[in-house]
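A.B. asks: sharing a model prediction with you, sequence too.
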Amino acid sequence: MAPYLDLVFDIPANQRFTYRNPDTPASRNAPNKAVIGKRVMAPFGKRDLLGYVIAEREQAPAGIDPPSIREIRRVVDTECTFGEEDIALAEWIAAYYLCGLGEALAAMIPSGRRPGAYPTLYGAEDEIAPSPLELSQEQRQALETISAPHAAGAPMFYLYGITGSGKTEVFLRAAEDVLKKGKSAIYLVPEIALTHQTSEAIKARFGPLATTFHSGMSPGARLSEWMRARRGEVRIVVGPRSAVFAPLKDLGLIILDEEHDGSYKSGNTPRYHARQVAMRRRAVSGALLLMGSATPSAEAWKLMEDGQIKRLQLSRRLAGGKPPEISAVSLEGTEGCLTPLLKDEILKTARMGRQTILFLNRRGFAYFYHCPSCGFELTCKHCSVSLTWHKDRGRAICHYCGYSELPPGACPNCGSLEAGFRGFGTEMIEEELHRTFPELRIRRVDADSVARGRGLEENLEMFRAGMIDILLGTQMVAKGLNFPRVRLVGVILADTGLHLPDFRAAERTFSLLVQVAGRAGRYFPDGKVIIQTFRMGDPVIEKSTALDVDGFFRAEIAQRRALNFPPFSRLIRLSFRSRDPVRVGKAAARFADLSRPLLPPGADILGPAECPIGIIAGNHRRHLILRGPGIGSLHTAAQTALLRYNKGKDSRVYVEVDIDPVSLL
């Protein structure tokens, strides 16, 4: 037993700490033995923290007096939770995303304290259920290409096909082929709602060989499934972003469904992107990487155009449906939130015994308070955003920090009675639907309704069973879901994302509109989509209406090239926040001064400037963006500048690094 252990902790420090390994009879027993791959509790300052054992030492580090080295408190795990491969991946994440090694390991490994009882080990006798569907010629060609021997190492493939064209079946067959070869697979989906749907299909096909990872599970349950994967008891894991870390043995395939989706990017440190981690795991393990979407990201589109990713195309729907008829209609002059055309089609759909999905990416009743007399707007006291009126709670609420207050009866500034809340959210749409269609069964699905009542899965199952006529929701209902009875999809307001000060705003809006349109007419040739907008003639609306993915990306790629934004450059965003606006401004300016002389040729700095949302939860926010033609030298400049900045940093200013940001808000 090694007398010393190197630990890392979930703290923003890329540093390892040495502790004494207690030498007692109990600590020499295998379950209580502290070794590489186990988690331990150890004193850190005045508290005890969960630490990860990443190395063992026979001697104390040079320059440290052995009696001063503190002893670990206890061993948390009875068997190793992570291995050398996991440590190596965490080291890559820490280096690439400029975070602590402990932060990287904490993001990878579920936080459950003790694994539960493990199910019986499933051996080679487990059989994969037969594939019931007859493949199309395009599907067969895609599978033949994926499964063919590849002389130049494991390539990357992209299954590009319209919604309903059978991408899921190709994914499942590719996984089936890999499992038959004795290897394992990871199947990533962007949303927990899609995890449930996909996991059901995978369990039907692969039975006990499959398991699920997602944040809706308890930490203990997630850790239990993590350990089953680590021990080889399961060979296919399905889940959202964090499932990319699954410790499967002999990894042969990583599937990235709905590759374009922004939820693959972590919003917290380490701000990793599952696509980037999947590419790293592919490079190390030799596994195939198979991505897919009806609306690829601009980065993936460019790599396909350049031949770095092999495009596999699916061009037609297989279940009897065809691309829906899509029309845009102006909201100008409309009384209420629903145009006459949309109302007529909802009623017609219901009379046919079919179903409608209505989409609006804005919850609440009304989203801003305005006084036409003096121009006053009601904003959060802690954030630079408008308060949203939630009628069912009777309060105006901030969606960023949670602050709420009772709505004023008159303008707080001038006393005008004409002041009030404007705009519309899902609550207002629900109220108008009940008023307009009292005989129809209507259900709203958003973060508010799901938290308060039935869960998302229960609502979706009721809709699938035909117990709901109109499903109204936010992004929860927009993508990936497959409902045979849906004839009509209505986009209540297509413009919400187009106003955002972000170079990806058009791409995100286009993808969302095409994805939600794909919910209509998947099994029948009479699907209809109505897109309501105040921006008739906007190129994004026109391309969405025409389902012109190629045309949209031709125009978008040309614009990105002219503006020198990704995929023609790489970005590193530094965000600074503090309760003191002067301090945060000085910190951002200091980092810009430190990084400017370090930039490689062709690189520049955007900012520093106030973030589009300048204040959140009382913290003033500034950001700057390093932009360059490649990531290597730009990354080195950011890392060097950060080291110099940290030597004299203001402790009252917090800085966050985001490599390859997907949002600039």
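C.D. replies: In hand now; what should we look at?

A.B. asks: C-alpha from now on. contacts and neighbour counts both.
C.D. replies: Fine.

A.B. asks: just checking, Ala396 is part of a helix?
C.D. replies: No - using DSSP: H, G, I helix; E, B strand; the rest coil, the assignment for Ala396 is strand, not a helix.

A.B. asks: hang on, it packs against Lys381?
C.D. replies: No - counting by C-alpha atoms under 8 Å, Ala396 does not reach Lys381; the two are 11.7 Å apart.

A.B. asks: of these two, which one has the most company?
C.D. replies: Legend: neighbour count by other C-alpha atoms under 10 Å for Ala396 and Lys381, higher for Ala396 (29 against 18).

A.B. asks: now do the contacts for the residue nearest to that one when sequence neighbours are not counted.
C.D. replies: Of all residues not flanking Ala396 in the chain, Trp389 sits nearest, at 4.3 Å (C-alpha to C-alpha, 6 or more residues apart in numbering). Neighbour list for Trp389: 364-368, 395-397, 407, 421 [criterion: C-alpha atoms under 8 Å, 6 or more residues apart in numbering].

A.B. asks: can you tell me which of the residues you listed has the most neighbours?
C.D. replies: Busiest of the contacts of Trp389 [other C-alpha under 10 Å] is Ala396, holding 29 neighbours.

A.B. asks: would you mind measuring from that residue to Gly420?
C.D. replies: 11 Å (C-alpha to C-alpha, to the nearest Å).

A.B. asks: next one: Glu332
C.D. replies: From Glu332 to Gly420 the distance is 20 Å (C-alpha to C-alpha).

A.B. asks: of these two, who's got more company?
C.D. replies: More neighbours surround Gly420 than the other of Glu332 and Gly420, with 20 against 12 (other C-alpha under 10 Å).

A.B. asks: am I right that the more buried one is in contact with Tyr369?
C.D. replies: Yes - if you go by C-alpha under 8 Å, Gly420 and Tyr369 touch, sitting 5.3 Å apart.

A.B. asks: for Arg317, which non-adjacent residue is closest in space?
C.D. replies: Ser165 (4.2 Å).

A.B. asks: list the residues that contact the residue minimising distance to the centre of the chain.
C.D. replies: In the chain, the residue lying closest to the centroid (C-alpha atoms, centre = their mean) is Ser263, at 1.4 Å. Residues near Ser263 by C-alpha under 8 Å, 6+ apart: 190-191, 241.

A.B. asks: rerun at 10 Å
C.D. replies: By C-alpha atoms under 10 Å, 6 or more residues apart in numbering, the residues touching Ser263 are 189-191, 240-241, 273-274, 662.

A.B. asks: out of these, who has the most neighbours?
C.D. replies: Most neighbours among the contacts of Ser263, by other C-alpha under 10 Å: Val189, with 27 neighbours.

A.B. asks: check contacts around it.
C.D. replies: 195-199, 238-241, 243, 255-259, 261, 263-264, 480.

A.B. asks: again, but for Ala419
C.D. replies: Neighbours of Ala419 in contact, by C-alpha under 10 Å, 6+ apart: 369-377, 408-412.

A.B. asks: tally of neighbours for the closest residue to it other than its chain neighbours?
C.D. replies: Spatially, and ignoring its direct neighbours in sequence, Ala419 is nearest to Cys371 (4.0 Å; C-alpha to C-alpha, 6+ apart). Residues within reach of Cys371, counting by other C-alpha under 10 Å, total 22.

A.B. asks: repeat for the one 4 residues further on
C.D. replies: The local packing count at Gly375 equals 12, with neighbours defined by other C-alpha under 10 Å.

A.B. asks: so is it in a helix, a strand, or just coil?
C.D. replies: coil.

A.B. asks: isn't it up against Glu418?
C.D. replies: No - with contacts counted by C-alpha atoms under 10 Å, Gly375 stays clear of Glu418, the gap being 11.1 Å.

A.B. asks: tell me what the helix or strand harbouring Asp177 is packed against?
C.D. replies: For Asp177, the host element (DSSP states H and E) is helix 167-180. If you count contacts as 3 or more C-alpha pairs under 10 Å, 6 or more residues apart in numbering; DSSP states H and E, helix 167-180 packs onto helix 137-147, strand 156-161, strand 184-188, helix 192-206, strand 236-239, strand 251-257, strand 288-293.

A.B. asks: redo these as CSV? Include mean neighbour count.
C.D. replies: Output for the helices and strands packed on helix 167-180, formatted as CSV (neighbours: other C-alpha atoms under 10 Å):
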stretch, mean neighbour count
helix 137-147, 16
strand 156-161, 22
strand 184-188, 28
helix 192-206, 19
strand 236-239, 27
strand 251-257, 26
strand 288-293, 25
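
A.B. asks: going by mean pLDDT, which of those comes out lowest?
C.D. replies: Least confidently modelled of the helices and strands packed on helix 167-180 is helix 192-206, at a mean of 79 by mean pLDDT.

A.B. asks: residue contacts, the residue nearest to Ala419?
C.D. replies: 377-378, 410-422.

A.B. asks: how about 7 Å then?
C.D. replies: Applying C-alpha atoms under 7 Å, 6 or more residues apart in numbering, we find Cys371 in contact with 377, 411, 418-420.

A.B. asks: assign a three-state SS to the spatially closest residue to Gln639 that is not a sequence neighbour, would you?
C.D. replies: Spatial nearest neighbour of Gln639, chain neighbours left out: Leu98 (7.1 Å); criterion: C-alpha to C-alpha, 6+ apart. When classified by three-state DSSP, Leu98 comes out as coil.

A.B. asks: number of nearby residues for Leu98?
C.D. replies: 24.

A.B. asks: perfect, that will be all.
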